[in-house]
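>>> Sequence plus predicted model, see below.
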Amino acid sequence: MNLARMFEMASEREPQALAMIEGDHALSYRDMHAAVNRVAHALHKLGVGRRDRVVTLMKNRQQTAILFWAVQKLGAVFVPLNYHMAPGDLEDCIVDVEPKLICFERSTKNTLRCIRLPEKPIYVSLDPDDGDITWEELMRNGTPSFEAVPVEDDDPAIMLYTSGTSGHPKGVPKSHKNEYLSTLSQIIQNRYDRSDVMLGVMPLYHTMGIHSYLAMAFLNGRYIVIHDVSEESIADTLHFHPVTCLYAMPAMFRHILKSRQVDPLRLRQIRKIGYAGAPMSEALIQACFETFQPEVFLNHYGSTEIHTFTTCAYLREKPGCAGRPGINQLIRVIAIRPDATPEEEVEPGDVGQVIAYMGSPEAFKGYWNRPDLTRQAIRDGWYYTGDLGTRDPDGDLYIVGRIDDVVVSGVDRVWPGKVEHVLEHHPDVQEVAVVGQRDDQMGHIVTAFVVPRRKDLTPFELDRFCQRDGRLSDFERPRKYVFIDALPRDASGKVIRRSLVEWSD
């Protein structure tokens with residue numbers, strides 16, 4: 001299914017419905033479709049065509065969404081880049097993409113000055129006096145009607161770059177079929193409907209952000225754009241708009257719950273909440289239940305490469321559980337060896353590496369320009385996620401960490417997620433991340449970085465707590481505790497573990 005057709009259908013079904021709100025500027029589906037056609041027509045005249053890559057360096061804005069649909073109408077590929085990336089990584093991405101066109105705004109234009117490309121793309125600026133052409137000129141040069149270019153289901157529609165927390169970012173092309181079925185699964189699994197209003201706090205360069213938006217667009221729902229996320233902007237948005245859905249990283253939920261500006265009564269209007277991208281502690285899950293009182297609370301475990309691995313909608317009974325495979329997926333937990341095959345499944349209760357079925361219609365075909373990484377990740381028809389997990393007796397999945405994060409201390413292996421899960425239950429621990437730090441005698445020692453709730457918390461108290469808990473062997477208990485004000489996180493809210501591994505007192 002052509003994504004552009006999906007937006008055309010939504011626009012014809014309910015043309016008067018509000019599609020997107022940004023500040024005090026609202027767009028109906030009819031008005032937004034006209035803007036999409038104008039931009040698509042103008043880009044067509046500039047020579048943008050099927051399979052050309054269009055890079056965006058923009059915040060969450062109405063223009064970002066309009067450009068997305070215009071690119072789909074042209075059969076081109078939408079490539080939203082994380083403008084928070086290091087300049088070197090960003091340059092590598094743009095050179096890798098070989099874009100036909102780059103759209104940017106004032107806050108990101110300095111990033112482009114130092115990037116040298118073999119062939120100069122067309123530069124489109126949201127602001128006057130920058131680039132080859134401005135956004136306003138695109139709108140003036142186009143017409144309010146434009147026939148979408150025919151595309152195949154397997155043609156690329158969007159390419160996202162992974163965060164690169166453990167290495168250089170990798171391009172992940174996703175087809176029209178991938179994104180169509182991923183969005184349908186997003187709607188079904190989160191139980192969205194046509195009356196829903198989404199709080200758009202996740203960036204549109206992230207898979208969570210793009211699928212939050214697409215779900216609303218498919219349903220004629222309403223999407224509220226926040227381009228600079230802050231306590232004030234969230235509080236103002238919730239004050240003026242009856243938001244019903246929030247899909248975000250755990251760090252965003254933590255941020256909202258800690259805010260003194262956000263009215264708790266407004267949060268209770270949000271009936272459907274979901275999180276992905278990182279584990280959520282039991283304490284935070286409980287706080288979300290108490291504050292939001294949601295009808296739906298979903299843990300969505302997936303990746304940029306395959307939108308859904310598993311989901312869990314029964315977090316009250318099993319907090320932190322990743323649940324069962326999504327409606328388009330199969331999952332296995334296999335032996336932790338580089339040469340392990342999909343048939344080598346581990347027993348319930350044992351830790352293994354998580355793999356996902358590549359036959360899923362949500363699955364990518366391989367990394368952009370990286371056949372070496374594709375061969376590493378895709379084997380025997382399965383995608384090797386790099387995650388470590390274990391199944392309980394009911395068959396539900398729990399994620400305990402990453403293969404690269406396993407701490408080998410002496411002859412023993414320690415799963416950081418297991419240790420974190422125990423320490424999170426201490427009443428004076430706000431957040432914790434466990435890593436292996438180098439040690440001359442043991443190779444690595446288990447080190448816990450703790451954000452305490454009280455300043456006089458001691459390593460002795462935490463070690464006694466771990467001993468009394470009974471779920472950790474002696475070799476799994478941290479040998480070192482470091483108390484810090486906040487865990488280092490990337491722009492998506494994930495803990496940057498390599499920073500902790502290299503931490504020196």
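It's in. Numbering: from 1, shown residues only.
>>> leaving aside the residues next to it on the chain, what's closest to the residue most central in space within the chain?
By C-alpha atoms, centre = their mean, the chain has its centre lying nearest to M208, at 4.0 Å. Closest residue in space to M208, ignoring its immediate chain neighbours: M202 at 4.5 Å, by C-beta to C-beta, 6 or more residues apart in numbering. To be clear about C-beta, it is placed using only N, CA and C from the backbone, and glycine gets the same treatment.
>>> picking that back up, and the residue nearest to the centre of the chain, which helix or strand is it part of?
In the assignment (DSSP states H and E), M208 maps to helix 207-219.
>>> What's the first helix or strand after that helix?
strand 222-225.
>>> Listing partners with orientation, what would you give for that following strand?
According to DSSP bridges, strand 222-225 forms sheet pairs with strand 18-22 (parallel), strand 197-200 (parallel).
>>> since we're on the closest residue to P459 other than its chain neighbours, how many residues are nearby?
Spatial nearest neighbour of P459, excluding adjacent residues (C-beta to C-beta, 6+ apart): Y481 at 4.0 Å. Y481 is flanked by 19 other residues according to other C-beta atoms under 10 Å.
>>> what ranges of the stretch 401-505 of the chain fall below the confidence cut-off?
Scanning the stretch 401-505 of the chain for pLDDT under 70 picks out 491-492, 505.
>>> Try it again at 80.
410-411, 440, 490-494, 504-505 (pLDDT under 80).
>>> Distance across stretch 54-74, terminal residue to terminal residue?
Across its full length, stretch 54-74 reaches 11 Å between end residues, using C-alpha to C-alpha, to the nearest Å.
>>> Please apply the same query to stretch 351-369.
Stretch 351-369 has an end-to-end distance of 33 Å (criterion: C-alpha to C-alpha).
>>> Would you mind naming the helix or strand containing F7?
Assigned by DSSP H and E, F7 belongs to helix 3-13.
>>> same thing with Y383?
Using DSSP H and E, the element containing Y383 is strand 382-391.
>>> Following the chain onward from that strand, which element is next?
strand 397-402.
>>> elements contacting the helix holding F7?
helix 29-45, helix 62-73, helix 176-190, helix 207-219 (3 or more C-beta pairs under 8 Å, 6 or more residues apart in numbering; DSSP states H and E).
>>> ok, back up a step: pretty sure the residue nearest to M208 sits against M249.
Yes - using C-beta atoms under 8 Å, M202 makes contact with M249 at a distance of 7.3 Å.
>>> what's the overlap in contacts for those two?
Counting by C-beta atoms under 8 Å, 6 or more residues apart in numbering, the contacts common to M202 and M249 are M208.
>>> who's more crowded, the two?
Taking other C-beta under 10 Å, M202 and M249 do not tie; M202 has more neighbours (27 against 21).
>>> tell me the phi and psi of the more buried one?
Note on M202: backbone dihedrals following degrees, to the nearest 10 are phi -80, psi 140.
>>> do G323 as well
Here is the backbone geometry of G323 (degrees, to the nearest 10): phi 80, psi -140.
>>> And the spatially closest residue to it that is not a sequence neighbour, its phi and psi?
In space, and not counting its chain neighbours, G323 is closest to C312: 2.8 Å by C-beta to C-beta, 6+ apart. Main-chain dihedrals, C312, degrees, to the nearest 10: phi -140, psi 120.
>>> give me every residue that touches C312.
Neighbours of C312 in contact, by C-beta under 8 Å, 6+ apart: 298-299, 301, 318, 321-324, 396.
>>> So which of these sit within strands?
Among the contacts of C312, the members falling in strands (DSSP state E) are 298-299, 301, 324.
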